[in-house]
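**Student:** Here's my sequence, what's the structure:
(2 chains)
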Amino acid sequence: MDFGRISRRHLLQGSAALALGSTLGIRGAAAAETTVGFIYVGSRDDYGYNQAHAQGAAAVKKLPGIKVVEEEKVAETDAVEKTIESMVNLDGATLLFPTSFGYYNPHVVKMASKFPKLHFEHCGGLWTDKDPKNAGSYFGYIDEAQYISGIIAGYSTKSGKLGFVAAKPIPQVLRNINAFTLGARLANPKATTQVIFTGDWSMPVKEAEATNSLIDQGVDVLTCHVDGPKTMVENAARRGAMVCGYHVNQSPLAPKAYLTGAEWNWEALYPKFVKMIVAGEAIPNFYRGGLKEEIVKVSPYGEMVSAEARKHADDVKAKFMSGEYTIFKGPIADNKGKTVIAGGTDRGQQDPELEKMDYLVEGVIGATA
Amino acid sequence: MADASLGLWTVPLAVFGGAIRVSTPFLFVSLGECITERSGRINLGLEGTLVMGAMSAYGISYLSGSPWLGVLAAGITGALFGALHAGICSLPRVNDIAVGIALMLLGTGLAFFLGKPLIEPTAARLPAIDFGWWSDIPQLRAALRINVLFLIGVAIAPLLYWAFRTTRWGLLIRTAGESADAARAMGHSVLLIRLRATMVGGFLAGIGGSFLSLFYPGSWNEGLSSGQGITAVALVIFARWDPMLCLWASLAFGGAAALGPALQSVGITSGYHLFNAAPYILTLAIMIITCSPKRTLTGAPAELSITR
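**Tutor:** Now for the predicted structure:
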C-alpha cells in the first residue's frame, strides 16, 4: 500500500533528525559543571520514600557548579535503563542516583558496565564484589530511628497497645517492626505492637482499613512501613490516635497527633557524595550507616511528648551517636517463644544475620506468613 | 466501655464499618454503569473516570475550599468523559469496549499528570454525619460516622430500580438496550439515548471518585483507586444489571475489603493474602455458580456487545 511507503520514509527522516538532535544535545550539555541525575520510582512529593530522596536532590542543587536532572515514576524495568541513557547522552550526567531498590539488578549493573567512567549510586545496599566498581550501593539503618520512635511511643501510649501498618513481611520491614517494639518495651515492658500487612507498598484503601481496625482494637499509637504514610497518618489523626512517621517528617499533616518519626537524611548524605565525586575521591561501593553517620534521623518531638520520654530517647540517641549501642542484644525471643538471639550475643548494626531477619520479636502480635 | 477492646467482636464490626466506608465508590460506579449498560453500551472507561473524578474533586476542593464544589466538579468531569465515550461510539463500526479501554488509560494518565501538584497539599474533606451518638462504644461510633454521599448512593439504588420499571425514561433506556430497532421504530434516536445514559453513568462514577479523595481514604495519590472502578464494572454483571443488587453487591465488596485487615488485627494472621483476595474470590465463585453455556446471562440487555 501507498500508506506504508510514505510512513516508512517519514520514519527515516524523523530518526535522522532525532539522531542529529541528540549529538548536538551532548555538545550543548557538556559545559563546565557536573550534572547529577536522580531517578525516582514514584512521585516526588508523596510524603514518603520518594520525597525523602527528592529532598536530598534539592540539597545537591544548592551546591555551586552542580546541575541536577530528575525523573519521576520510572518503573523498575527497562524504563530505568532508558532514563539513564537519556540522562547520560542528552543531559551529560556523570553521577546517577537510581533510588529504587528494584533498579539495581540487572538494570544499574548493566548500565554501570556500559558506562564505566560514570558513577552510579544506588539506594538499597545490594552491591557485591562481582558488580562493576563504578556502581555503589548505599543504605541506612533506619531501625535505629524506629527504635527511638518506639521509646517515645512506649511512653505515650495509654492502652499499652501500639499498631504497625506494614507492606510486606520482608527483612527490612520486620527489622523496623522489631526495633520499634523493642524500643517501646524499654519504656513500657508490657507494651505490645499489633502488626497488619497490607500486601503491597501502596494500597491506600487497605492502609486506611488497617488503621481503623487497629484503632478499633484499642491501639492508640501507630506507625507504618509503606511507601506513602500520608493515608495512615491522616486517618489515625482523624480517629484521635497518635502517630510516629516514616520516611520523611509528616507532622504538617497532623501536627497534634505527630509524636516523632524515623526519617531518611539524604539531604545530608547526597551533598557529601557529590562533593567526594567532584573532588575525585572514591565512595566506598558498600556504604551504610545509621544515626551516627547521618543517613537517618529522628523527627523533632511533638509538643505532647513528655519530658521523661524525651530524656530517655535523647539518652539512647546519644549512645547511638557515639556508636556504643546495640538494639538486637541477646537474649531475644520471637513471638512464638523461640530464642532467636542467644544470651551474650550482640547483633550489631552491621551484622549480616540481621539482613536475613524472618521473625517477629516477643511483644509483636502478628505473623510473618 | 471501660476496656477499649472488643476482642473478636471487632471483626463483624469492621466488616460492617468497612461495608459503609469502602462500598461508596463501588456503589456509584456500578449504578452509573448499570444505567449505561441498560441502554445497550458498555463503558469500561469508568476506572479512568473514577480516577479523574478523584483528582478533580481534590483539586477543586483544595483551590476553592469547598468539598461540595469538588464533588460537583468530579461529576461534571465524569459526564464529559461519558460524553466522549458516547461520542466516539456514535461513529459507525466503533467497538465500545475498545474505546472504554482507551478512555480508562487516558483518564488515569491524565489524572496522574494533572494531579501531580495535588499529592502534597491537604484539601478540605467532606463532612461525616455522626449516627452513632446513642452509643458509648467508640468503635461503633467510628463505624457509624457516615458520609452523605453513601446515603445518596443508597437512595439512588431504589430510585433507579423504580425509574427503570415505571417511568418513560426508564422504558426508553431499556428499549434502547433491548432492541435498538424498536426504539428507532418508536421515533427515538438510540444514539442520543445512549449519549445521555453514558453521561449520567460518567457523572455518577466521577462522584464515586470524589468520595475516594475527599472522604475515605481521603487524600489524592496515584494508588488511590487500585482497580476499584474496573471491579465495579464487573460488579454490574455480577448484580445482573439490577440497581438493588448493585447496592447489595457493593456492600458485600466493601465488607470483604475490610475482612483481611480486621482478621489480622484480632490475631488471625495466617493466609492474609487469601483474605485480601476475598472480593475477587467472591466474584469468581458467583460467576461460576450462575453461568451456563446454554443461555445468555439472565437480565443482560440484548444490545450489549458481549451478549449480541
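**Student:** which residues of chain B fall in strands?
**Tutor:** Remark: strands of chain B, listed N- to C-terminal, are B:128-130, B:145-147; assignment by DSSP state E.
**Student:** Check the ones you listed for me and report the most buried one.
**Tutor:** Of all the strands of chain B, strand B:145-147 has the most neighbours on average by mean count of other C-beta atoms under 10 Å in any protein chain shown, namely a mean of 19. For glycine as for every other residue, the C-beta is placed from the backbone atoms N, C-alpha and C.
**Student:** What strands flank that one, and is each parallel or antiparallel?
**Tutor:** Applying DSSP bridges to the sheet, strand B:145-147 is found paired with strand B:128-130 (antiparallel).
**Student:** pLDDT (mean, whole number) over the partner strand?
**Tutor:** Here the mean pLDDT over strand B:128-130 is 87, rounded to a whole number.
**Student:** Relative to the whole chain's centre, how far out is that strand?
**Tutor:** With C-alpha atoms, centre = their mean, to the nearest Å as the basis, the distance from the averaged C-alpha position of strand B:128-130 to the chain average is 21 Å.
**Student:** what about the helices in the stretch 251-369 of chain A?
**Tutor:** Ranges of helices in the stretch 251-369 of chain A, per DSSP state H, counting those that start in this stretch, are A:266-278, A:307-321.
**Student:** Then the stretch 51-200 of chain A?
**Tutor:** Along the stretch 51-200 of chain A, the stretches classed as helices by DSSP H, counting those that start in this stretch are A:78-89, A:109-114, A:143-156, A:171-187.
**Student:** helices or strands up against the second one?
**Tutor:** What that stands for is helix A:109-114. Helix A:109-114 is packed against helix A:78-89, with contacts defined by 3 or more C-beta pairs under 8 Å, 6 or more residues apart in numbering or on different chains; DSSP states H and E.
**Student:** Alpha carbons of the helix it packs on, as CSV, please.
**Tutor:** Extracted C-alpha coordinates of helix A:78-89, given in CSV (Å, rounded to 0.1, in the frame of the first residue of the first chain):
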residue,chain,number,x,y,z
ASP,A,78,13.9,-1.4,31.1
ALA,A,79,12.4,2.0,31.6
VAL,A,80,15.1,2.9,34.1
GLU,A,81,17.8,1.9,31.6
LYS,A,82,16.3,4.3,29.0
THR,A,83,16.1,7.0,31.6
ILE,A,84,19.8,6.5,32.5
GLU,A,85,20.8,6.5,28.8
SER,A,86,18.9,9.7,28.1
MET,A,87,20.3,11.4,31.3
VAL,A,88,23.8,10.4,30.2
ASN,A,89,23.5,11.1,26.5
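**Student:** just checking, what packs against it?
**Tutor:** Counting by 3+ C-beta pairs under 8 Å, 6+ apart, helix A:78-89 packs on helix A:2-29, strand A:34-39, strand A:66-71, strand A:93-98, helix A:109-114.
**Student:** Name the residues of that helix that are buried.
**Tutor:** Counting neighbours by 16 or more other C-beta atoms under 10 Å in any protein chain shown, one finds that the buried residues in helix A:78-89 are A:79-81, A:83-84, A:86-88.
**Student:** between these, which is nearest chain B?
**Tutor:** Lowest distance from chain B to the buried residues of helix A:78-89 (C-beta to the nearest C-beta) belongs to residue A:79, with 15.0 Å.
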